[in-house]
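# requesting a structural model of the entry that follows:
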Amino acid sequence: IKRTRKWLFTHGMSITSKSIRDVLDWHSLLPIQSAFSIRIGEIDPGFNMYEMFAPDLMHEFELGVWKGTFLHLMRLLHAQGKDMVVEYDRRMRKMPTYGRDTIRRFWNSVSRQTRL
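Numbers count the residues shown, from 1 in each chain. Alright, predicted model coming up:
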């Protein structure tokens, strides 16, 4: 980031230049330094900002892997026959709720979910 900032502000290169994109795009970085990152760098020059952020695995799974897994499960159930899909829906409707708005009861056919 320091190198690309120098290219931008000292040499006047464009942020869309190939040289800058070659350095930053590999890790999806931006040539930005916040007051926080500057201060942390003064205290500990070897501090890695990216290691301090915990990935949001729940949303990563929910938005990425879960949709594909759910659709694959539905295809498998449909291949086994309508009775399997009906049983899956019955079991999902019997699942208890958790918390006030955390996990809600499935009242409709879960196998026909259009919004995941």
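# and residue 9, backbone torsions?
Phi and psi for residue 9, reported as degrees, to the nearest 10, are phi -90, psi -20.
# should've said residue 98
Torsion angles, degrees, to the nearest 10, at residue 98: phi -140, psi 120.
# how much space between it and residue 51?
32 Å (C-beta to C-beta, to the nearest Å). Yep, even glycine has a C-beta here, placed from its N, CA and C like the rest.
# for residue 111, same thing?
41 Å.
# for these two, indicate the residue with more neighbours.
Ranked by neighbour count (other C-beta atoms under 10 Å), residue 111 and residue 51 place residue 111 first, with 17 against 7.
# in what helix or strand does the nearest residue to that one once chain neighbours are set aside lie?
Spatial nearest neighbour of residue 111, excluding adjacent residues (C-beta to C-beta, 6 or more residues apart in numbering): residue 85 at 4.9 Å. Taking DSSP states H and E as the definition, residue 85 sits inside helix 82-94.
# where is the longest helix in this structure?
helix 66-80 (DSSP state H).
# list the buried residues of that helix.
The neighbour-count check on helix 66-80 (16 or more other C-beta atoms under 10 Å) flags 74, 77 as buried.
# could you do stretch 25-32 as well?
In stretch 25-32, counting by 16+ other C-beta under 10 Å, buried: residue 31.
# can I get that stretch in PDB, CA atoms only?
Extracted in PDB, the C-alpha atoms of stretch 25-32 (Å, rounded to 0.1, in the frame of the first residue of the first chain):
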ATOM      1  CA  ASP A  25      -5.900  -6.300  -7.100                       C
ATOM      2  CA  TRP A  26      -4.200  -9.600  -6.000                       C
ATOM      3  CA  HIS A  27      -5.400  -9.000  -2.500                       C
ATOM      4  CA  SER A  28      -8.400  -6.700  -3.200                       C
ATOM      5  CA  LEU A  29      -6.600  -3.800  -1.500                       C
ATOM      6  CA  LEU A  30      -7.100  -0.100  -1.800                       C
ATOM      7  CA  PRO A  31      -4.400   2.600  -1.400                       C
ATOM      8  CA  ILE A  32      -6.000   4.000   1.700                       C
END
